[in-house]
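Asks: Below is the sequence, then the predicted model.
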Amino acid sequence: MGSNQSWATEFVLVGFELSAEMEVLLFWIFSLFYIFSLLANGVILGLICLDSSLHTPMYFFLSHLAITDMSYASSNVPKMLANLLNQNRTISFVLCIMQTFLYLGFAHTECLLLVVMSYDRFVAICHPLQYTVIMNWRVCTVLAVSSWSCGFILALVHAILLLRLPFCGPREVNHLFCEIMSVLKLACADTWINQVAIIADGVFILVGPLCLMLVSYMRIVWAILKIQSKEGRTKAFSTCLSHLCVVGLFFGIAMVVYMVPDSNQREEREKILSLFHSLFNPMLNPLIYSLRNAQVKGALYRALQKKRSL
């Protein structure tokens, strides 16, 4: 390999090209959001662990979602925050691939967990009498472990396909972190296998699960409309609406980022959408579930009462 065809040992994360003052301001704003995201998800996780009334399949999966959200944000936000204060925005090749792997792993896991939570709501509303039999703890554990395993196996495939590529041209990743599409643009070899893997991944992780959830929610809505009492219908809709909000945010952004064709504004749009995905979405999830969920609010109230009585 000649001098122009050497392996890259590090990349430069371009990020937002703003003034120093604006980047410092964004650092403090994003830091507050990140801390709030960790605290909010931590509170949800703590309540589910400590309050026996939340020891149900629905909250078991919600606890996994909280762990995923905290890990998802932590895989790239700290480096992004450091880059807002530091002009030296380099990241080693190994850390870049690791960041891509972790980001994809947690993103895939969250997608699959949202599908599992949709199935849980489907069984609870459409088959209430068989709910405890169908969603027993063994089944819940298998579904959760399968979500984590499949998520990281798929991420590992992408990481291995990235490692086989030579990176010998420009080393500036035009993104906030080592997002896979942005890293692929720097490869100086044919990336068609990687592109096919990303498309297949999008169909398997985004399109397929979204179709399954749409079908399940059509059946859920039909079952809810058959409920005679207004109170029963309201309670059933309430338990599903929170999940639908989270699904809409997560899948909607992911579909725009990975399934919409390239355009001249795609890179800048991706930065903003990826920022929302990795920073704001993990922060909004616990708010959506806690503000609309009487059981979570009740558990928080009981926890605060216990603390005051000590």
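Replies: Right, received. Where do you want to start?

Asks: When you work out contacts or count neighbours from here on, use the C-alpha atoms and nothing else.
Replies: Noted.

Asks: what's the helix or strand where Lys297 lies in contact with?
Replies: If you go by DSSP states H and E, Lys297 is part of helix 294-309. Outside of helix 294-309, the residues within contact range by CA atoms under 8 Å, 6 or more residues apart in numbering are Ile44, Leu47, Asp51, Ser53, Leu54, Tyr289, Ser290, Leu291.

Asks: try stretch 215-227
Replies: Ser118, Tyr119, Arg121, Phe122, Ile125, Cys126, Arg233, Ala236, Phe237.

Asks: ok, of the contacts of helix 294-309, which one's closest to Gly105?
Replies: Ile44 (21.9 Å; CA to CA).

Asks: I'd assumed that closest one was in a helix, is it?
Replies: Yes: counting by DSSP: H, G, I helix; E, B strand; the rest coil, Ile44 is located in a helix.

Asks: gap between it and Val157?
Replies: 32 Å (CA to CA, to the nearest Å).

Asks: Pick out the residue closest to the middle of this protein.
Replies: By CA atoms, centre = their mean, the chain has its centre lying nearest to Ala107, at 4.2 Å.

Asks: What about Met70, how many residues nearby?
Replies: Neighbourhood size, Met70 [other CA atoms under 10 Å]: 23.

Asks: Return the angle between stretch directions for the helix or strand where it lies and helix 294-309.
Replies: Using DSSP H and E, Met70 maps to helix 57-74. Per axes from the mean of the first three to the mean of the last three CA atoms, to 10 degrees, the angle that helix 57-74 makes with helix 294-309 is 80 degrees.

Asks: List of residues touching helix 57-74?
Replies: Outside helix 57-74, the residues within contact range by CA under 8 Å, 6+ apart are 34, 37-38, 41-42, 44-45, 48, 54, 102-103, 106-107, 109-110, 113, 116-117, 120-121, 135-137, 140, 144, 278-279, 282, 286.

Asks: Determine which two of the contacts of stretch 215-227 are furthest apart.
Replies: Tyr119 and Arg233, at 18.7 Å, using CA to CA across the contacts of stretch 215-227.

Asks: ok, back up a step: so Ile44 and Val157 - more neighbours on which side?
Replies: Ile44 (24 against 13).

Asks: For Leu186, see how far away Phe11 is.
Replies: From Phe11 to Leu186 the distance is 10 Å (CA to CA).

Asks: Ser92 too?
Replies: According to CA to CA, Ser92 and Leu186 sit 14 Å apart.

Asks: Looking only at neighbour counts, state which of these two leads.
Replies: Legend: neighbour count by other CA under 10 Å for Ser92 and Leu186, higher for Leu186 (20 against 13).
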